Every structure is written in C-alpha cells, then in structure tokens.
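Chemist: What follows is a predicted protein model with its sequence.
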Amino acid sequence: MNTYARYRLWGSAVVIPLLLASSICMLKYAGWSAVVSAHYGEPGYNDLVASAQHEGGFYFWVMIGLSTTAFITLLVVLPSMSKELPPGLRGTLRSLVALGLVILGNIGGGYLLISFGRHLK
C-alpha cells in the first residue's frame, strides 16, 4: 500500500468519529436551545435560561470546531477531480463535495443517534 492510500485510510478513519461527535454536539445544542426557547421571558426561570444559553453556546462552538476539522480532513483525503477541468474549478468542486459530506454526515449521524436511542428505549 502506497503512502497516499495509507493517508486516505487514516483520514477516513478520523472523519467518522469527528462527524459522530459533531452530531452529538448538534443534538445537545438543539436540546439546550429548546430549553431556552421554552422558558425565555418567564420570571421564575431566569437561572435555567442563563445556564441553558451557556451550555447551548458551548455545544454550538464545539460542533463548529469538530465540523471544521472534519471538513479540512476531507479536503486532504478526497481525491483530485478530473484533470480536464481548470484548477480553480477543481478546487471549488472538491470543497463543495467536502462541505456536502460534512453536512450530510452531521444530519445522518444525528438521525442514527436518535434512531439508536429510540431503539434502546
């Protein structure tokens, strides 16, 4: 196995846990956002709303960091596009494919985690 194929294999093995962790953070962010949205403006829940905003913000930024890391890893791992295309278009297409894979991976990972949780229930 040549070196480039080995890097691709390791990159693929790194992207999947990154996307699953990002999906977990996305679901936690959605949960804390629901708490904020349900109790915002109610006088007795000021402490709960403040802590939910703090927790939600934390999970949001962790999700963004993990997704960005997965995106950069996919940019390195994805093979180059067709040689007939100009280099700028190849790079743009490669970036769009990597971005699409990260978005679909986050949504798919969230769906898998929700389905797995319902199955265990």
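Modeler: It's in.
Chemist: Quickly note the distance from residue 31 to residue 12.
Modeler: Distance of residue 31 to residue 12, given as Cβ to Cβ, to the nearest Å: 30 Å. Every C-beta, even on glycine, is put in place using the N, C-alpha and C of the backbone.
Chemist: Enumerate every residue touching residue 53.
Modeler: Neighbouring residues of residue 53 by Cβ atoms under 8 Å, 6 or more residues apart in numbering: 32, 36.
Chemist: In which helix or strand does it reside?
Modeler: Using DSSP states H and E, the element containing residue 53 is helix 46-77.
Chemist: starting at the chain centroid, how far to that helix?
Modeler: 9 Å (Cα atoms, centre = their mean, to the nearest Å).
Chemist: With stretch 35-49 instead?
Modeler: With Cα atoms, centre = their mean, you get 28 Å for stretch 35-49.
Chemist: contacting residues around it?
Modeler: Contacts of stretch 35-49 (Cβ under 8 Å, 6+ apart): 52, 53, 56.
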